[in-house]
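Undergrad: quick one: sequence plus predicted model below, questions after.
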Amino acid sequence: MNSDFMIENGILKRYVGNEDIVVIPDEVTVIGDGAFCREQESPEKIILHEGITKIEEYAFSYCERMIDMEIPDSVRSIGAHAFMYCKSLRKIKLSKMLQTFEIDLFLQCINLKELRIPDSVTAIKNSAFGFCYVLENITLPVNLVEIGDRAFEACYALENITLPEKTVTIGESAFEACESLKSVVIPNGLKRIERGTFYDCTGLESVTIPDSVEIIEEMAFANCPKLNRSIVPASVKYIGRLNFELTEEWI
C-alpha cells in the first residue's frame, strides 16, 4: 500500500504525500473530511476514479495549487466547504448525479471562470459561490428550487444568469455586489424578493418581476444606479425601507 494515503474502510482519511499529480487508489470510495486540507503545498492535479461515491466536508479546501478536476458520475454527494479557497481552480467538471451544492462549496475560488451545474441539482446553499470574483458564465440546472443566502455574492464578472422557472426561493443578498450583472428575469412562482438580494448590483439595467411576487424586502435593489426598466407589479403588497435607494430611475 502507498504510504502517502491513509485509508480506513474505503475512506481516504488523509493524503500525506508531496506529489504534484495524485491518483486516488482504486480501493477508495469516499474522500474523507479534510483529506487534502493541510499546511503543506497541495497537488496541482488530483485524479478521481469512477466508484468514488462521496466527497466529504473540507475534502479539498485550501488546495491552492489545484488547477482543475473531473468529478466522476458515481459521486452523489459533496460536503460543505469541499473546494473552499482553491484559489487556482479554473475548471471543474461535476458529477451528473449531484443533488445539492452545500454551504461555501466554492467560496473564494477566485480564478473559477465558468461552470455548468447538472440538472440533478435542486439547491445551491449559502455562499456556495461567494467571492468568485472572475466567474463569468454559470449554467444553472432546470430543476433548481432554492438559491441560498449570499450564494453568488461579489461575483464581480458575472454578466448574465438565467434563473430557472422552478426556482421559488432566492436568499438574502444572493447576488449582492454582482456589479457586472445587467439583467434579471425573476421566475414566476417566487413570492418574496429577500433583503439585499440585488444590493450594490451597480451594472443592473433591467429587472422583470412577475405577478407572483408579493413582498420586496428592504434594500433588495438598493444602489442599482443603472436600473431603468423594471416594473413593480400590482401584486406587490409590501416594499421594505431603503429600497431603490441610489437608483436613478424606476419605471
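TA: Structure received. All of these numbers come straight from a predicted model, not from anything done at the bench. Numbers count the residues shown, from 1 in each chain.
Undergrad: show me where pLDDT drops low in the stretch 1-150 of the chain?
TA: Filtered on pLDDT under 70, the stretch 1-150 of the chain yields the residue ranges 1.
Undergrad: can you map out the strands along it?
TA: In the stretch 1-150 of the chain, strands defined by DSSP state E, counting those that start in this stretch lie at 5-8, 11-15, 21-23, 30-31, 45-47, 54-55, 68-70, 77-78, 91-93, 100-101, 114-116, 123-124, 137-139, 146-147, listed in chain order.
Undergrad: kindly reformat the ones you listed as CSV containing mean neighbour count and distance to L158.
TA: C-betas here are computed from N, CA, C, even on glycine. As requested, the strands of the stretch 1-150 of the chain are exported to CSV (neighbours: other C-beta atoms under 10 Å; distance: least, C-beta to C-beta, whole Å):
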stretch, mean neighbour count, distance to L158
strand 5-8, 16, 38
strand 11-15, 19, 33
strand 21-23, 14, 31
strand 30-31, 24, 29
strand 45-47, 16, 27
strand 54-55, 21, 25
strand 68-70, 15, 20
strand 77-78, 20, 22
strand 91-93, 15, 17
strand 100-101, 22, 16
strand 114-116, 15, 10
strand 123-124, 24, 14
strand 137-139, 15, 7
strand 146-147, 22, 13
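Undergrad: distance to F131 added to those strands, as a markdown table?
TA: Converted to a markdown table, the strands of the stretch 1-150 of the chain look like this (distance: least, C-beta to C-beta, whole Å):
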| stretch | distance to F131 |
| --- | --- |
| strand 5-8 | 32 |
| strand 11-15 | 26 |
| strand 21-23 | 27 |
| strand 30-31 | 24 |
| strand 45-47 | 23 |
| strand 54-55 | 21 |
| strand 68-70 | 20 |
| strand 77-78 | 19 |
| strand 91-93 | 17 |
| strand 100-101 | 15 |
| strand 114-116 | 15 |
| strand 123-124 | 15 |
| strand 137-139 | 14 |
| strand 146-147 | 16 |
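Undergrad: between those, which one is closest to V232.
TA: Nearest to V232 among the strands of the stretch 1-150 of the chain is strand 146-147; the distance by C-beta to C-beta comes to 21.2 Å.
Undergrad: and the next helix or strand past that closest one?
TA: The element immediately downstream of strand 146-147 (helix or strand, assigned by DSSP states H and E) is strand 169-170.
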